[in-house]
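K.L.:
Have a look at this prediction, sequence included:
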Amino acid sequence: MNTKLRIAITGGTSGLGLAFVAELVGRGADVAFVARTRARVEDVARAIPGTIGIVGDVSRKEDIYPIALQIIGNLGGLDVLVNNASSLGPTTLKPLADTECEEFELALATNVLGPFRLTKALLGALAASAREARGGVVVNVTSDAAVSAYPRWGAYGASKAALDHMSRIWSEELASEGIRVLSLDPGDMDTPLHAIAVPDADRSTLKRPETAAREFADAIAAAVPIGGSGRSGGSGWSEANVETRA
Amino acid sequence: MIPARVPVQRPRDARLLVVSAGGRMSHAPRSRLVDFLRKGDVVIANDAATFPASLHGVHERTGSAIEARLAGRSSLRSDDVRRFIAVVFGEGDFRMRTEDRPSPPPLGRGDRLRFGPLNAVVEATLDHPRLIAMRFEGSIEAIWEGIARHGRPIQYAHVDTPLNLWDVWTPIAAVAAAFEPPSAGFVLDWTTVQAMGERGVGLASITLAAGISSTGDPDLDRRLPLNEPYRIARAAASAISRAKRERRRIVAIGTTVVRALEHAATRDGVVRAGDGVADQRVGPDTRLRIVDAIVSGTHEPDSSHYQLLRAFVDDETLAEASAALEARGYRTHEFGDSVLVEKSDARNAETAGTAGNASNRLVSATDELPELSLVQQGDAVTLLAQPFDLHQLASTVAACRL
């Protein structure tokens, strides 16, 4: 039986997702990541040996089950799901009044429906993980745009607010199954997505995605029964450290 | 009975026939299943997620269109997806009854098969023109991707719309293992799971690679079910052992759970955590050591599922149940209605056990019997955890005829 923590992360080939894949692999987890572009998926899988790269688009309903099958197939189950893939909606930020309906729909499909569908498809695996006192954790990546009403961030902000609220309801409903649902805000990071949203930002004031990835990994370590204290550089989730919590 | 033609896992009007240990029959909406469970019962379900195991492709030597239905593999290991046993059909698809499907071209060892992005080689023919052992080429990840993107769920002519994976994965599906859905598990939506918890009914899961239910070929059908690898999770093993100790009931969701648990208990009546391969048939001569009641679909008397129910009750009671299902127009097949059959008082006489104290709903994996390693298990129990050689499969298959 696989004694490493099994983690799947969407949007794993750039920004926070990419840093997160590297951080988790460094801590000894078995990691599968999902992204849309095959060439990028293959590049990352080559660059970080031992990872499973899965090509798929979480905004497409038809892709969800093939993604879910490849995740539980390759990992033999699942302990932690990280819904990280995000879309701004319009590629250039605009006021809601100028936002096309299709752009809003894209933000909702990627940031709300995708995480809903993928979580639902993988709920059986996460519940089984919780019953085995391994894991059973969902991390939804949110943003302060979900809370503050930033002009021109309408589609993104509204979709992240929906994701945030969905996380809280999932969390209430799944507590009896031993599944934890976390909504984590990484803060303003120096990522490709941020560069698209705010092209003229002073990058030196932005958080490094590696820093956010470390904080996220610590949050997961605190939430899962399997593994250690989550200190980075420690033994993490390697086989030497898999005592289940009493 | 009437075939259920619409792929809805939990139709609002789904029904449940309950056959009590005393042989009494009652009818209820299936959504009220939990009312027939008792505080302290432990429900064991099969958490196998279903492969899209129907692969359409081409037999390269002849250029003929074929459909291969994956039907068996030797273990549940996530990297064990190279070699499969498969049932092969000629051209056509699920819309044609399996009985009417043409045979595949003559298949020989070394023949190459192409299924969309997947390439495979016939490793052996298994003493029947439709039954082969085959091996996929490429990396493990590429094989998973090819199956996930190219495969379709196996389906039969009674459902005429193409099935998607979301139609066949049970809500609790966790481990990619089954070739057809362990459909008794369709009954377990999360509302029901929650209601069970509130009633003090425990839930744990095991995984058994449910195989195909029908090939349309009488010779081949007589050999079903093929050997099925299974895994007993630690939480399930510990929940079962505590329940047995405290004389509480074990309720199996589906025939696959009965097969796995009773196989695991073959040696000494104890279900331990670990992997095995179920190779037995459960029928009228089986003395059930673990399972006290079963939730199952409704089955026609000529099926192996029906034979399995004979382990729970005598033939007279089963005939009465069948007549009741028929008279009330219950629906059959995977999306049909259900039965809850309690092991009869007569079959139960020597093990007498009814309701006991409440159990903890989520069973801690730390409170359990020591887990057997695969090696110990293989040493101790015949056929358990022994990966079988596909080349010898013909004899293995022949040996488990009725």
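P.N.:
Nice, thanks for sending it over. Residues are numbered from 1 along each chain as shown, chains lettered A, B, ... in the order given.

K.L.:
which residue ranges form the helices in chain A?
P.N.:
A:15-26, A:38-47, A:61-75, A:101-108, A:114-131, A:154-174, A:192-197, A:209-223 (DSSP state H).

K.L.:
Of those, which shows the lowest average pLDDT?
P.N.:
Ranked by mean pLDDT, the helices of chain A bottom out at helix A:192-197, with a mean of 88.

K.L.:
May I see the buried residues of that one?
P.N.:
A:193-194, A:197 (16 or more other CB atoms under 10 Å in any protein chain shown). From N, CA and C alone the C-beta is placed, and that goes for glycine too.

K.L.:
what does stretch B:258-270 give?
P.N.:
For stretch B:258-270, by 16+ other CB under 10 Å, it's B:258-265.

K.L.:
Report the rounded mean pLDDT for it.
P.N.:
95.

K.L.:
Is it in proximity to chain A?
P.N.:
No - using CB under 8 Å from any CB of the partner chain, stretch B:258-270 stays clear of chain A, coming no nearer than 15.0 Å.

K.L.:
Show me the contact partners of that stretch.
P.N.:
B:44, B:46, B:206, B:208, B:225, B:228, B:230, B:232, B:240-241, B:250, B:252, B:271-272, B:276, B:278-280, B:282, B:286, B:288-291, B:294, B:308, B:311, B:369, B:380-381, B:384 (CB atoms under 8 Å, 6 or more residues apart in numbering or on different chains).

K.L.:
can you dump the C-alpha coordinates of that stretch into PDB?
P.N.:
Below are the C-alpha coordinates for stretch B:258-270, written out as PDB (Å, rounded to 0.1, in the frame of the first residue of the first chain):
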ATOM      1  CA  VAL B 258     -19.800 -10.700  -0.200                       C
ATOM      2  CA  ARG B 259     -17.400 -12.400  -2.500                       C
ATOM      3  CA  ALA B 260     -14.400 -10.400  -1.200                       C
ATOM      4  CA  LEU B 261     -15.200 -10.600   2.500                       C
ATOM      5  CA  GLU B 262     -16.100 -14.300   2.500                       C
ATOM      6  CA  HIS B 263     -12.900 -15.100   0.400                       C
ATOM      7  CA  ALA B 264     -10.800 -13.100   2.900                       C
ATOM      8  CA  ALA B 265     -12.300 -15.100   5.800                       C
ATOM      9  CA  THR B 266     -11.700 -18.400   4.100                       C
ATOM     10  CA  ARG B 267      -8.900 -19.500   6.400                       C
ATOM     11  CA  ASP B 268     -10.100 -18.800   9.900                       C
ATOM     12  CA  GLY B 269     -13.200 -16.600   9.700                       C
ATOM     13  CA  VAL B 270     -11.200 -13.400  10.200                       C
END
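
K.L.:
Poorly predicted segments of chain B, please.
P.N.:
B:350-402 (pLDDT under 70).

K.L.:
As a markdown table, the buried residues of stretch B:258-270 with secondary structure and distance to residue B:246 would be great.
P.N.:
What follows is the buried residues of stretch B:258-270, written out as a markdown table (DSSP: H, G, I helix; E, B strand; the rest coil; distance: CB to CB, whole Å):
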| residue | secondary structure | distance to residue B:246 |
| --- | --- | --- |
| B:258 | helix | 21 |
| B:259 | helix | 25 |
| B:260 | helix | 22 |
| B:261 | helix | 17 |
| B:262 | helix | 20 |
| B:263 | helix | 23 |
| B:264 | helix | 20 |
| B:265 | coil | 17 |
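
K.L.:
List the contacts of residue 134.
P.N.:
In the absence of a named chain, this looks at chain A. A:5, A:79, A:224-226, A:244.

K.L.:
meant chain B, my bad for not saying
P.N.:
Contacts of residue B:134 (CB under 8 Å, 6+ apart): B:68, B:83-86, B:113, B:120-123.

K.L.:
hang on, the earlier thing: now flag whichever of the buried residues of helix A:192-197 is closest to chain B.
P.N.:
residue A:193 (26.4 Å; CB to the nearest CB).

K.L.:
who's in contact with the closest one?
P.N.:
Residue A:193 neighbours (CB under 8 Å, 6+ apart): A:14-15, A:86, A:88.

K.L.:
thinking again about what came up before, from the buried residues of helix A:192-197, which single one is nearest residue B:187?
P.N.:
residue A:193 (42.8 Å; CB to CB).

K.L.:
got the residues of chain A near chain B?
P.N.:
Residues of chain A lying near chain B by CB under 8 Å from any CB: A:2, A:52-55, A:64-70, A:72-78, A:121, A:123-125, A:127-133, A:173, A:176-178, A:244-246.

K.L.:
List buried residues within those.
P.N.:
Buried among the residues of chain A next to chain B (16+ other CB under 10 Å): A:52-55, A:64-70, A:72-78, A:121, A:123-125, A:127-133, A:177-178.

K.L.:
Tell me the one of the contacts of residue A:193 nearest chain B?
P.N.:
residue A:14 (20.7 Å).

K.L.:
tell me the contacts of that closest one?
P.N.:
A:35, A:40, A:191-193.

K.L.:
With respect to residue B:27, which of those is nearest?
P.N.:
Looking across the contacts of residue A:14 and measuring by CB to CB, the closest to residue B:27 is residue A:35, at 51.2 Å.

K.L.:
Quick check: the closest residue to the closest one other than its chain neighbours vs residue A:219, distance?
P.N.:
Using CB to CB, 6 or more residues apart in numbering or on different chains and skipping the chain neighbours, the partner closest in space to residue A:35 is residue A:13 (4.1 Å). Residue A:13 is 22 Å from residue A:219, where distance means CB to CB, to the nearest Å.

K.L.:
Please name the residues that touch residue B:65.
P.N.:
B:56-58, B:90-91.

K.L.:
make it 6 Å
P.N.:
residue B:91 (CB atoms under 6 Å, 6 or more residues apart in numbering or on different chains).

K.L.:
tell me the phi and psi of it?
P.N.:
Torsion angles at residue B:65 (phi, psi; degrees, to the nearest 10) stand at phi -70, psi 140.

K.L.:
of the buried residues of stretch B:258-270, closest to residue A:44?
P.N.:
Using CB to CB, those come closest to residue A:44 at residue B:260, 38.4 Å.

K.L.:
Return the distance of the residue lying farthest from the centre of chain A relative to residue A:90.
P.N.:
What lies farthest from the middle of chain A is residue A:97; by CA atoms, centre = their mean that is 30.0 Å. Plainly put, residue A:97 is 12 Å away from residue A:90 if you go by CB to CB.

K.L.:
Check residue B:273 too.
P.N.:
52 Å.

K.L.:
cool, and residue A:119?
P.N.:
26 Å.

K.L.:
who does residue B:132 bridge with?
P.N.:
Beta-bridge partners for residue B:132, by DSSP bridges, are residue B:86, residue B:125.

K.L.:
what's the answer for residue B:29, then?
P.N.:
Here residue B:29, judged by DSSP bridges, has bridge partners residue B:15.

K.L.:
and if you look at residue B:203?
P.N.:
In beta-bridge terms (that is, DSSP bridges), residue B:203 pairs with residue B:43.

K.L.:
That one contacts residue B:43, doesn't it?
P.N.:
Yes - Residue B:203 lies in contact with residue B:43 (CB atoms under 6 Å); the separation is 5.0 Å.
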